[in-house]
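Q: Provide a 3D model corresponding to the input given below.
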Amino acid sequence: MLHGLILSAIHNHHNMAVIKAFVAKLLRDFSSRESTRRVLERAFETSLKVVKDSLEEYTSPDFRGDHNETKREWSEQASFTADLQRAFRDDAWRNIVPGFPAVMLRCTCKLANAVAAGTILAARQVRIKLVKEWLPVLLVCKDNVSPMLPSHKTLYLEMEETFLRIISTLPMSDAQVLLQQCLSFSTRNVEDCPHLITAFDTWFRRATQPPRMENLD
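A: Here you go, the predicted model:
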């Protein structure tokens, strides 16, 4: 019954705020905290499975569809990426879905690589939004996902390099703002972040060249 109430509150009502508040009160007042915990975990796992199945379908070699629509949707996820940042700053996900951050980043990395390589042609605003919305997710994962597994470190480095490649294709004013957010890519030794040094060197080299029309595409 509790599980059904949760699913109904999530999916079946237009007046979401009122229904959610009502169900939340029932859960808070329910006598068995263990039962409440179990049904909440079950509801979370049900919703998460939908997300994971969709992500697995997207990363599958058999994925088909309108790639232009895919990259536009992935760049228009400000509220979703904000939720991810809040979730990854919490410790709850570690015991429930420890691999979820890596799955999200691999999906983003695959799309970003295609954009950076030109396999998927993305307009300037799409490239800006892709970096602007997903770069903070990468930074939160680096700060909060521990221990730093070798596979995670490789993924983070690949995403850093990919984001920097995309930034290098943007007008200087946009690149200037985004590059400053990439400073946390650096580690204790300068030798550990040649990709970041190269990105800043490229920006400064462009800054010393005569002004020209920026590419607005």
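Q: In which helix or strand does L170 reside?
A: Assessed by DSSP states H and E, L170 sits outside every helix and strand.
Q: tell me, how many neighbours does it end up with?
A: 20 (other Cβ atoms under 10 Å). Bear in mind the C-beta positions are built from the backbone N, C-alpha and C, glycine included.
Q: what helix or strand does the residue of the chain positioned farthest from its centre sit in?
A: Among the C-alpha atoms of the chain, the one most distant from their mean position (Cα atoms, centre = their mean) is that of S31, at 37.6 Å. Counting by DSSP H and E, no helix or strand carries S31.
Q: Determine the longest helix present in the chain.
A: helix 33-59 (DSSP state H).
Q: Show me what it is packed against.
A: Under the contact definition 3 or more Cβ pairs under 8 Å, 6 or more residues apart in numbering; DSSP states H and E, helix 33-59 sits against helix 2-11, helix 92-96, helix 100-117.
Q: switch to 7 Å and redo it
A: Helices and strands touching helix 33-59, by 3 or more Cβ pairs under 7 Å, 6 or more residues apart in numbering; DSSP states H and E, are helix 2-11, helix 100-117.
Q: and the ones you listed, which is most packed in?
A: Sort the helices and strands packed on helix 33-59 by mean neighbour count, taking mean count of other Cβ atoms under 10 Å, and helix 100-117 sits at the top with a mean of 20.
Q: Which of the helices and strands in the protein ranks last by mean pLDDT?
A: helix 67-75 (a mean of 61; mean pLDDT, DSSP states H and E).
Q: Report the mean confidence score over the next helix or strand after that helix.
A: Once helix 67-75 ends, the next helix or strand along the chain (criterion: DSSP H and E) is helix 78-89. For helix 78-89, the mean pLDDT works out to 79.
Q: Break the chain down into its domains, please.
A: 1-64, 66-217 (automatic domain parsing).
Q: How far does the last one sit from its chain's centre?
A: Meaning domain 66-217. Computed by Cα atoms, centre = their mean, to the nearest Å, the chain-centroid distance of domain 66-217 equals 9 Å.
Q: Among the helices and strands packed on helix 33-59, which comes closest to D91?
A: For these, proximity to D91 was assessed by Cβ to Cβ; helix 100-117 is nearest, at 12.6 Å.
Q: Much appreciated, bye for now.
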